[in-house]
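Enquirer: Provided below are the primary sequence and the corresponding predicted coordinates.
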Amino acid sequence: MKFFNREKEIKEILSIIESEPNLIYFIYGSINSGKTALISEIINNRLNKNKYVVFYINLRGIFISGYNDFIEVLFEEYEESFIDRIKRLLLSLIKDSPDVVKSFLITKISGGVLDSIPIPKNTLREILKNKEVKNVFRYITNVLMEIKKDGKQPILIIDELQKIGDMKINGFLIYELFNYFINLTKELHLCHVFCLSSDSLFIEQVYNEAMLDGRAKYLLVDDFNKETALKFIDFLSEEILNKKLSDNEKELIYSYVGGKPIDIIYIIQKLKNKDLKEILDEMLRDEIQKLKYFLEDVKEENEEFYNKVVDALKIFKETYEVEDIRIPKKVREFLVKKNILFLNPQKGTLKSQSYLVWNAIKKVI
């Protein structure tokens, strides 16, 4: 399927990439708003593969319970040939550094997009054995410097970074990482760093961290507004169904799912063999049932807290978006964590994770 819209966001990100690395960039938005699709379009179709080397590390769907899991996701080990080992030994002696990474590694990196950082098997074993974060960062820096010397600009992208937010290794690993990212961008100007997340509580935590003040910027990838959503429906219906939908049909779709790209795609694909109203009612029924069971569990656990949750959700019967402080902190954090609400820390607003959730709230509460 062809990529649709997001030209404004694409232009902004390409402008960042074409400039000297200076800041960490957080790309955030509600669940399934199109963050990964956007960054994939940029790195696969909008970048000169001879000019950039992109490390795209996606933590989605990967079980990370500890330090070793995270390190193994970052790196892909390879067997060094005998010649490689001799070269590395000689270069290490010249630099008087046992972990120097020199140009022989560049033969492992041809440019374009990689899903991990190449590392010799023996080096990875040493890093895992010692469990020193600084050794990991030193190795990565050396790799990035060699790429730069080879005339290419390195870019590091980590998707769903919040998955390591609570992981401890000599303190919180996430803070160690941020300090390292600051070193790569603002201090060394060596590598562009982009972090993607749909966890708005994580983004709020990062947004309020003093150590990132003036060192990070935040790019929201939101659901489509109504005008764009209707154009997207036209685009998909012509591509998938070879026809246009009526204005009434498009309005009906938007009234159920709003501008959530993944929901619109699902509906258009289902229209090949199902009635539109049947599809929409089925989607809404599923969302209503999920919300009912969720509230039932909350009530069973703590009836007093359940009443506070219901009071908070009542606010959304009349409006889609509210100021965040209208809902008590513990309640709003709970609803955000459970993916009922989405928090925009830059605007200080709360809204439903999707129009479907909003419609379910209006039916259930």
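Expert: Looks like it arrived, so ask away. Everything numeric here is computed off the predicted structure, so don't read it as measured data.
Enquirer: where's the residue nearest the centre of the chain, which helix or strand?
Expert: Central residue of the chain (Cα atoms, centre = their mean): residue 196, 2.6 Å from the mean position. For residue 196, the host element (DSSP states H and E) is strand 192-197.
Enquirer: quick one: average pLDDT of the helix or strand that residue 227 is a member of?
Expert: Using DSSP H and E, residue 227 falls within helix 226-236. Here helix 226-236 scores 96 as its mean pLDDT.
Enquirer: Sort out which residues of that helix are buried, please.
Expert: Buried residues in helix 226-236, defined by neighbour count with 16 or more other Cβ atoms under 10 Å: 228-230, 232-233, 235-236. No exception for glycine: its C-beta is placed from N, CA and C like everyone else's.
Enquirer: And these, which is closest to residue 112?
Expert: Set against residue 112, the nearest of the buried residues of helix 226-236 by Cβ to Cβ is residue 235 (28.1 Å).
Enquirer: just to revisit the earlier point, ok, residues contacting the next helix or strand after the strand holding residue 196?
Expert: Once the chain leaves strand 192-197, the next helix or strand it forms, by DSSP H and E, is helix 200-207. With Cβ atoms under 8 Å, 6 or more residues apart in numbering as the test, helix 200-207 has contacts from 26, 28, 30, 161-162, 165, 178, 197, 212, 216, 218, 333, 336-337, 342-346.
Enquirer: One more: stretch 247-259?
Expert: Outside stretch 247-259, the residues touching it (Cβ under 8 Å, 6+ apart) are 222-226, 228-230, 232-234, 245, 263-264, 267, 276-277, 280, 283-284, 354-356, 358-359.
Enquirer: Go ahead and build a ChimeraX selection from the buried members of these.
Expert: Only the buried entries of those go into this ChimeraX selection, using 16+ other Cβ under 10 Å:
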select :222,223,224,228,229,230,232,233,245,263,264,267,276,280,283,284,354,355,356,358,359
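Enquirer: Leaving aside the residues adjacent along the chain, what's closest to residue 269?
Expert: residue 240 (6.2 Å; Cβ to Cβ, 6 or more residues apart in numbering).
Enquirer: how distant is stretch 357-365 from the center of its chain?
Expert: 27 Å (Cα atoms, centre = their mean, to the nearest Å).
Enquirer: quick one: buried residues of that stretch?
Expert: 357-361, 364-365.
Enquirer: just those residues now: which is nearest residue 208?
Expert: residue 357 (25.7 Å).
Enquirer: From residue 338, how far out is residue 329?
Expert: 15 Å (Cβ to Cβ, to the nearest Å).
Enquirer: Also residue 269?
Expert: Distance from residue 269 to residue 338, counting by Cβ to Cβ: 28 Å.
Enquirer: for residue 156, same thing?
Expert: Taking Cβ to Cβ, one finds residue 156 at 31 Å from residue 338.
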